[in-house]
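Student: Kindly generate the corresponding structure for this input.
(2 chains)
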Amino acid sequence: MCRLSAMTSDDYFSPLENILALETMKEGHDGSGLGLILKDLGGEFEQLKKYPIFSGICSKKGLEDLDGYMESQGFKVKFMWEPKIKPMKGIDARDHYVVNVYQYPDEYRNRPQEEKEDLLMRTRLNIRQMGEHDESIFAFSFYPDVIALKEVGDPLEVAEFFGLDKDPLKAKIVFAQGRQNTNYAIYLYACHPFFIQGYGSMTNGENTAFVPIREYLTSRGFSGYMGYNSDSEVFTHILHYSIRQLGYPLHYYKDIITPLKDTEMEQRSDREAVTLMKKSLRPLTIDGPNCVIGFTPDGTTFMVQDAKKLRPGVVGGVKGKYALMSEECGLDKAIPVRDKTKDIFPMKYDMVIVSPGAREVKVWNQLHF
Amino acid sequence: MEPASFLDNNHQLSYHELPYVISWREDRCTRCGRCTAVCPVKAIEAGVQVQRLVRSEGGTPVPSTVRNVSHVVRQVTDVNRYCTGCGTCTLVCPNRAIEPVYNDKNKFLTHKNRGGAAYTRGGRRNDPSVGTVDQLKFTRISMLTDPALDAGRHEFHVRTLLGRNLPPEKLPLKMVDGKLMVDHDSGQFIPPVREIFPIRIGSMSMGALSPPMWEGLAMGITYLNEVENLPVVMCSGEGGMPPRLLKSRFLKYFIPQIASGYFGWDEIIHALPDMVEDPCAIEIKYGQGAKPGDGGLLMAYKVLKLIAKIRGVPMYVDLASPPTHQTKYSIEEAVAKMIQSMSMAWGFRVPVYPKISGSKTAKAVLNNLARNPYAAALCIDGEDGGTGAAYNVSMDKMGHPIVSNLRECYLDLVKQGRQNELPLIAAGGMGKHGNLAANAAAMIMLGASMVDTGKYIMQAAADCFGDEHNRCNLCNTGRCPRGITTQDPRLYRRLDADKVAERVVDVFKSADTEFKKIFAPMGRSTQLPIGMSDGLSIGDKAAADRLQIDYAC
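Tutor: Purely as a prediction, here's the structure:
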């Protein structure tokens, strides 16, 4: 089973903090991979927040193809960063770990945000398609102020491999997942966290309702709902669909993936709406067991679980820095000095929402709204 | 040259031509006469037999011959009185002296057309082979990567939705203070949707079924709803419903069916102002899996006073429903109109859906319905469906297997992104080999929202003799030896409606448990796993490819 380590802060911190927390949870993952997403970037990226960043892995040929394609689409490189690779036994270094900051094509500079986001997603999908057959390019994300790093191996070793222990790379939100491969082949596209147009999530547990959910998402007519090399990718896309596409407030994500029973809905003031939603969005109900940790474009982070709650999770911290972890030991490592009595173990009706900048934590209860 | 008398029997059939041969044991028979009295087709009769016996009494053998006249039970070889193998004789025999034995070398169909009358019967397709649905296995088991659920401990929600679900984009919602509220001023029609148990009792009419049978089913499902909290519903079949039931609060557990004969609808429409509950749904029958392209038929001798009254017809006339609705010109307008008319009759508060027979053309119907905002579902009845009366050729040779038909329709809906909008109902052959819940679960994982069952219920709840070896299948004659499909009080008094109801309850309660035993190891409990095709495999590569599921061997 995968281990999850997410942190949100009002100050920039190194992703190594997440990875050291993951290390304490080591017995729960088999080192089949590490996925990292950094959002709200500091350091060299702090001044580049409005520019889209492409994160991916390329072979030599893949990099040439990438450069050629980006140029043809009018994207100009503004800044390039590459991790300083430290060769490690057991980790096969690939040619290029690409983190490129681009300028939008001229005609898009003044377009509305939504159009820009669609352009970025389209571009990422095209790049993915270009490099998928020969694995010359893996395209993880293409979005402003977000970096994704993924590699197969033990998380701590991968972190060392990426030189994260020495690099000043920092962010205010970092999601890290230590992967325990379950049903599907070890493959970089199967590595959490998943990301689409500002929304990201990572999950542990197996998604038993994966196929009907995948079929529902892929039939929404939205090109970004693809991939699904992991059964957990659908959680990210459901999040995106609920909030960006349908325009629902964040907490309705919980109502979509784990709807209340009809009798329980009676006490909700919005029962009419959630009753209709439950029927219309029935194929997106998850059956778990899963713990989902996610973020939205504004920097809100959250944790939810399926109704059976066979995959626990914990949220704790201090004002200005909170950690959302799959295990308490991870939380102890990440934020050792905190009031432990205030740690939150979300129950089946709960959605723990941490506001941007880790200013406040709210437990939204599905029953009482 | 042999004498002409040797040829006297030449135009008679031998037992070998008949599907069932009576095995009678003279030594056990008490000559009580029950078997011959009870035989629904008079296939056996009492006879007298003269035997020459050699006897010897006393200390030394002194053989003498005597003529012994004894009474015997004989099978007749008249093809019109063929033994159907029902076994009622065995049932009533106090000494186990008689039983029909299936003759797999019979040439019955070669002979069952005397007088130019093609063979008609009731029942089902005479194909005892194991069909696709029974070959499907549940092969995705949660175990170590994730714990399986405990069927006895976890909370399961084994329910489905009957009715059209709006796509989320069309939900009339508005935001008020950070909450979503239904915008009642939007003018958006919100279709009615019912939450029910995913196995329903399929359409079997009052008329085709005897009063105690229909009453037993009705009592059974009412008990399940009211006492067991299992929302099982049943379809009336074409033939109306008892007026008192129409005006009762129990109407919500029933789906009145309208078919091409419109039988019973005069009563239903007249009862409308007095209805205190809406029916669960309305089924419009356009086709039936057992006899695609054929209409319904209730033989005159089944049209007794009660049936005539409910159906609004004179007594003792053949009630033939035409093969097609006479008002139907094209699917585009007539079906839409009919769905709309029926919806309108109940103020658009009741889901209305058509039932068709399995067919290569099912997808065309589906696509039409997908575009009709008032169509609530599509019921597809496969070739293994049953019927009270049909030509043998229709039953045996016409129709489409349900599995690929249903799957194809579901995948078509997936392609259009409408898989949650229009529920599919699979019928025909569910529980054919006794695996009702497993068949239902497999169909659900292939994309059905629910299944219908008929024959299984008749067998489980009323011990129907019928099987795929043409056993009994006398439903069309009105001489059902179990009292299930007859209007003859001398026959249906054999059937106890309360016992039928009890067995209906048994069937659904055990199916509910079996569902949990299937879904729990697959890690599913909160939602019916509609379309969870990764849970299924089949040991037939061609079928696996056709159904787009895994091949496992």
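Student: Quick check: which helices or strands does the helix or strand encompassing residue A:5 pack against?
Tutor: Secondary structure assignment for residue A:5, by DSSP states H and E: strand A:3-13. For strand A:3-13, the packing partners by 3 or more CB pairs under 8 Å, 6 or more residues apart in numbering or on different chains; DSSP states H and E come out as helix A:16-24, strand A:171-178, strand A:199-204, strand A:291-295, strand A:321-325, helix A:328-334. Any C-beta I mention is one placed from the backbone N, CA and C, and that applies to glycine too.
Student: Tabulate these (JSON lines), appending mean pLDDT.
Tutor: Output for the helices and strands packed on strand A:3-13, formatted as JSON lines (pLDDT from 0 to 100):
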{"stretch": "helix A:16-24", "mean pLDDT": "92"}
{"stretch": "strand A:171-178", "mean pLDDT": "95"}
{"stretch": "strand A:199-204", "mean pLDDT": "94"}
{"stretch": "strand A:291-295", "mean pLDDT": "96"}
{"stretch": "strand A:321-325", "mean pLDDT": "97"}
{"stretch": "helix A:328-334", "mean pLDDT": "94"}
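Student: Would you list the strands that the strand holding residue A:5 pairs with, along with their directions?
Tutor: strand A:171-178 (antiparallel), strand A:321-325 (antiparallel) (DSSP bridges).
Student: so which of those strands gets nearest residue B:52?
Tutor: strand A:171-178 (95.0 Å; CB to CB).
Student: okay, the closest one in CSV with CA atoms only?
Tutor: This file holds the C-alpha atoms of strand A:171-178, laid out as CSV (Å, rounded to 0.1, in the frame of the first residue of the first chain):
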residue,chain,number,x,y,z
ALA,A,171,7.7,25.2,-2.2
LYS,A,172,4.8,26.0,0.0
ILE,A,173,2.9,22.9,-0.9
VAL,A,174,4.6,19.5,-1.4
PHE,A,175,2.9,16.2,-2.1
ALA,A,176,5.0,13.1,-2.0
GLN,A,177,4.0,9.5,-2.4
GLY,A,178,6.0,6.4,-1.7
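Student: residues near residue 324, how many?
Tutor: You didn't pick a chain, so chain A it is. 31 (other CB atoms under 10 Å in any protein chain shown).
Student: that answer is for a different chain, and I need it for chain B
Tutor: 13.
Student: Which other helices and strands does the helix or strand of chain A with the lowest mean pLDDT contact?
Tutor: Least confident helix or strand, chain A: helix A:155-161 with a mean of 90, by mean pLDDT, DSSP states H and E. On a contact count with 3+ CB pairs under 8 Å, 6+ apart, helix A:155-161 meets helix A:16-24, strand A:34-41.
Student: Try it again at 10 Å.
Tutor: helix A:16-24, strand A:34-41, strand A:146-151, strand A:171-178 (3 or more CB pairs under 10 Å, 6 or more residues apart in numbering or on different chains; DSSP states H and E).
Student: Now render those as TSV, adding distance to residue A:50 and mean neighbour count.
Tutor: Shown next, in TSV, are the helices and strands packed on helix A:155-161 (distance: least, CB to CB, whole Å; neighbours: other CB atoms under 10 Å in any protein chain shown):
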stretch	distance to residue A:50	mean neighbour count
helix A:16-24	25	23
strand A:34-41	12	27
strand A:146-151	12	24
strand A:171-178	16	28
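Student: Please render the ones you listed as a markdown table that adds distance to residue A:94 to the earlier fields.
Tutor: Below are the helices and strands packed on helix A:155-161 laid out as a markdown table (distance: least, CB to CB, whole Å):
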| stretch | distance to residue A:94 |
| --- | --- |
| helix A:16-24 | 19 |
| strand A:34-41 | 14 |
| strand A:146-151 | 8 |
| strand A:171-178 | 19 |
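Student: any bit of stretch B:337-353 sitting next to chain A?
Tutor: No. Stretch B:337-353 does not reach chain A (CB under 10 Å from any CB of the partner chain); its nearest approach is 12.2 Å.
Student: So for that stretch, what gets flagged as buried?
Tutor: B:338, B:339, B:340, B:342, B:343, B:345, B:346, B:348, B:350, B:351, B:352, B:353 (16 or more other CB atoms under 10 Å in any protein chain shown).
Student: which of those residues lies closest to chain A?
Tutor: residue B:351 (12.2 Å; CB to the nearest CB).
Student: ok, the nearest residue to that closest one once chain neighbours are set aside to residue B:236 distance?
Tutor: Nearest residue to residue B:351 in three dimensions, chain neighbours excluded: residue B:376, at 3.3 Å (CB to CB, 6 or more residues apart in numbering or on different chains). According to CB to CB, to the nearest Å, residue B:376 stands 16 Å off from residue B:236.
Student: Contacts only, for residue A:73.
Tutor: A:102, A:105, A:108, A:119, A:122, A:123, A:126, A:127 (CB atoms under 10 Å, 6 or more residues apart in numbering or on different chains).
Student: Pull the most distant pair out of these.
Tutor: Farthest pair in these, by CB to CB: A:108 and A:127, 16.6 Å.
Student: okay, these two: which has more neighbours?
Tutor: residue A:127 (23 against 18).
Student: The more buried one falls within a helix, correct?
Tutor: Yes. Assessed with DSSP: H, G, I helix; E, B strand; the rest coil, residue A:127 lies in a helix.
Student: That one touches residue A:102, doesn't it?
Tutor: No. When contacts are counted by CB atoms under 10 Å, residue A:127 is not listed as touching residue A:102 (11.8 Å).
Student: okay, and the common contacts of those two?
Tutor: A:54, A:70, A:73, A:142.
Student: show me what contacts the second one?
Tutor: This points to residue A:70. Residue A:70 neighbours (CB under 10 Å, 6+ apart): A:54, A:76, A:77, A:100, A:102, A:105, A:123, A:127, A:142.
Student: 7 Å instead?
Tutor: Going by CB atoms under 7 Å, 6 or more residues apart in numbering or on different chains, residue A:70 touches residue A:102.
Student: how close does it get to chain B?
Tutor: As judged by CB to the nearest CB, to the nearest Å, residue A:70 and chain B stand 32 Å apart.
Student: and that residue, which of the three is it?
Tutor: With three-state DSSP as the criterion, residue A:70 reads helix.
Student: Please report how far it lies from residue A:128.
Tutor: 14 Å.
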